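Peer 1: compute the structure for the input listed below.
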Amino acid sequence: MRTFKPGDVLLMGAAASVQFGGPRALRLRLVSVDDRPTYHGWVWLTGYVLNDKGLAVDKREVYVQRSGVRVLRPAPAPTPHGKPTRSNRVPTASHDRRPAGVSGPSQRRATPGRRTAGHG
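Peer 2: Numbers count the residues shown, from 1 in each chain. Predicted coordinates for the structure are as follows:
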């Protein structure tokens, strides 16, 4: 018997429960599987109902027969947390975003013990 994982996209039809028969079939992106005891072969699932475009439109908790639930798309494999890649690196203040040839305002560093203009 397959175990469901958060992130799986599931399809529930009449085989999962009579309430999902015919046009009432439900696509659900799984959030959690409840571990409370149930009748043999049944399970409580919590997730987001997906529309035709794959967008979440409602959060639901459903009680279904495990054998009647189809996995449409398994949860993506976890990615290791390592060194940031170039695409997700946060820019630092040292990056100057002005176009070439455009100079910015001149900056003067304050020396210790000396006040700068506007701080008086």
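Peer 1: only C-alpha atoms for contact and neighbour calcs from this point on.
Peer 2: Fine.
Peer 1: shaky segments in the chain?
Peer 2: The chain contains residues with pLDDT under 70 at 1-2, 82-120.
Peer 1: where's P23 relative to G13, distance?
Peer 2: P23 is 9 Å from G13, where distance means CA to CA, to the nearest Å.
Peer 1: wait, L26
Peer 2: Distance from L26 to G13, counting by CA to CA: 7 Å.
Peer 1: do the same with Q19
Peer 2: Applying CA to CA, the value for Q19 to G13 is 8 Å.
Peer 1: the two: who's more crowded?
Peer 2: The neighbour comparison of Q19 against G13 (other CA atoms under 10 Å) goes to G13, with 21 against 15.
Peer 1: looking at it, the more buried one is touching R66, isn't it?
Peer 2: No: counting by CA atoms under 8 Å, G13 sits too far from R66 to count as a contact (11.5 Å).
Peer 1: buried residues in stretch 12-28?
Peer 2: M12, G13, A14, A15, A16, S17, F20, A25, L26, R27, L28 (16 or more other CA atoms under 10 Å).
Peer 1: could you find the closest non-adjacent residue to R24?
Peer 2: The spatially closest residue to R24, leaving aside those adjacent along the chain, is G13, at 7.4 Å (CA to CA, 6 or more residues apart in numbering).
Peer 1: likewise for L28?
Peer 2: Computed as CA to CA, 6+ apart, the closest residue to L28 that is not its neighbour in sequence is V49, at 4.6 Å.
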